[in-house]
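>>> Sequence and predicted model, in that order:
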Amino acid sequence: MQLAAPVGLPEVGETLVETRDLSKVYRVGDSRVVALNHVNLRIQRGSFTAVVGTSGSGKSTLLNMLAGLEKPTGGEIHVAGQPLHKFSESQLVKYRREQVGFIFQSFNLLQSMTALENVALPLSFRGTSKSTRLARARVVLTQLGLEHHMHHKPNQLSGGQQQRVGIARAMAVQPTLVFADEPTGNLDSKTSEETLSLFRAVIRRFGQTWIMVTHDHHLASFADTIVSIGDGRITDVTHTDHNELHNPTRTGTKVST
Ligand SMILES: Nc1ncnc2c1ncn2[C@@H]1O[C@H](COP(=O)(O)OP(=O)(O)OP(=O)(O)O)[C@@H](O)[C@H]1O
């Protein structure tokens with residue numbers, strides 16, 4: 001069993017996500033907090049983007065908007081041609097369930113379930129049959145080098161292995177976009193680097209599009225593109241040396257915004 005290529009998506013290298021003057025203002029009592037201030041961003045399909053910034057800069061707010069978890073107060077978000085900013089709550093629920101994968105710092109695996117069952121679980125919300133769910137989960141776990149750990153429960157796995165189960169779970173639904181919020185926050189530095197190298201390999205192999213939020217500039221350097229954010233605005237966009245989509249010659253470039 002192979003993972004089929006997603007249908008209806010732009011080609012690898014073409015724009016998958018675009019924000020236009022994306023803004024989010026929170027109201028707290030009488031005051032206004034401008035969490036995102038006219039953010040204009042393009043993300044190519046098949047790329048790995050890191051969003052970096054200090055605490056309170058707006059990273060999580062940006063991720064939550066793109067993942068359909070919160071609605072903007074201004075501007076537009078287009079994902080694969082869909083106007084997310086116009087979506088109703090039920091359309092956003094469907095978008096999150098069918099098109100978005102999440103990878104969490106704390107892994108968020110169900111302790112009573114095996115790795116195989118954890119990976120198969122999100123497919124049950126789509127009505128996929130049990131045999132197909134388990135077959136798909138086996139394929140993805142094998143691709144992530146966990147073929148000998150499928151029947152282990154999370155507490156029988158190392159932190160790095162648990163995060164690989166988390167990656168497999170996000171991939172099993174063949175999402176349009178995968179979001180990772182500080183995904184290596186609970187891993188030591190060596191395992192963090194191994195996990196990010198694995199991210200890159202998975203993204204290349206499956207033409208997936210991943211967006212990671214981190215405050216760690218070293219870990220961000222594993223991405224193809226580093227988007228720096230400060231006070232709700234994009235302050236810098238850097239394409240790293242391994243950005244094959246943007247730099248066929250593999251030379252690093254810095255793009256001012
Ligand atoms: N629900 C909310 N209500 C009011 N203000 C909020 C809310 N969520 C975020 N904010 C504010 O918006 C700004 C951006 O917050 P955000 O969580 O996006 O930052 P961040 O860069 O992800 O920070 P951290 O790295 O600490 O998670 C902050 O000033 C924050 O206090």
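Structure received.

>>> where's the single nearest residue of the stretch 151-257 of the chain relative to the ligand relative to residue 35, distance?
The stretch 151-257 of the chain approaches the ligand most closely through residue 215 (5.6 Å), counting by CB to the nearest ligand atom. Heads up, the C-betas are built off the backbone N, CA and C, glycines and all. Note on residue 215: its distance to residue 35, by CB to CB, to the nearest Å, is 16 Å.

>>> Which of the three states applies to residue 71?
Classification of residue 71 using DSSP: H, G, I helix; E, B strand; the rest coil returns coil.

>>> check contacts around it.
Taking CB atoms under 8 Å, 6 or more residues apart in numbering as the criterion, residue 71 is in contact with 65, 85, 92.

>>> just to revisit the earlier point, neighbour count for residue 215 and residue 35, which is higher?
More neighbours surround residue 35 than the other of residue 215 and residue 35, with 22 against 15 (other CB atoms under 10 Å).

>>> wait, doesn't the more buried one sit right on residue 28?
No - counting by CB atoms under 8 Å, residue 35 does not reach residue 28; the two are 10.9 Å apart.

>>> What residues of the strand or helix carrying residue 50 count as buried?
For residue 50, the element it lies in under DSSP states H and E is strand 48-52. By neighbour count with 16 or more other CB atoms under 10 Å, strand 48-52 contains the buried residues 48-52.

>>> what angle do the longest helix seen in the chain and strand 48-52 make?
Across the chain, the longest stretch assigned as helix under DSSP state H is helix 189-206. Counting by axes from the mean of the first three to the mean of the last three CA atoms, to 10 degrees, helix 189-206 lies at 140 degrees to strand 48-52.

>>> who does the following helix or strand past helix 189-206 touch, helix- and strand-wise?
Using DSSP H and E, the helix or strand that follows helix 189-206 in sequence is strand 210-214. Strand 210-214 is packed against strand 48-52, helix 59-66, strand 177-181, helix 189-206, with contacts defined by 3 or more CB pairs under 8 Å, 6 or more residues apart in numbering; DSSP states H and E.

>>> same question for strand 210-214, mean pLDDT?
Here strand 210-214 scores 94 as its mean pLDDT.

>>> What residues sit buried inside the next helix or strand after it?
Counting by DSSP H and E, the next helix or strand C-terminal to strand 210-214 is helix 217-220. Using 16+ other CB under 10 Å as the test for burial, helix 217-220 gives 219-220.

>>> What's the mean pLDDT across helix 217-220?
91.

>>> tell me which strands and helices whatever helix or strand comes next after it is in contact with?
With elements assigned by DSSP H and E, the helix or strand that comes after helix 217-220 is strand 225-230. On a contact count with 3+ CB pairs under 8 Å, 6+ apart, strand 225-230 meets strand 31-44, strand 48-52, strand 233-239.

>>> try 10 Å this time
strand 31-44, strand 48-52, helix 59-66, strand 210-214, helix 217-220, strand 233-239 (3 or more CB pairs under 10 Å, 6 or more residues apart in numbering; DSSP states H and E).

>>> Is any residue of the third one near the ligand?
Yes - using CB under 6 Å from any ligand atom as the criterion, contacts between helix 59-66 and the ligand involve 59-61.

>>> Show me what from the stretch 51-200 of the chain comes close to the ligand.
53, 55-61.

>>> and which of those is nearest residue 175?
residue 60 (18.9 Å; CB to CB).

>>> Alright, I will stop here.
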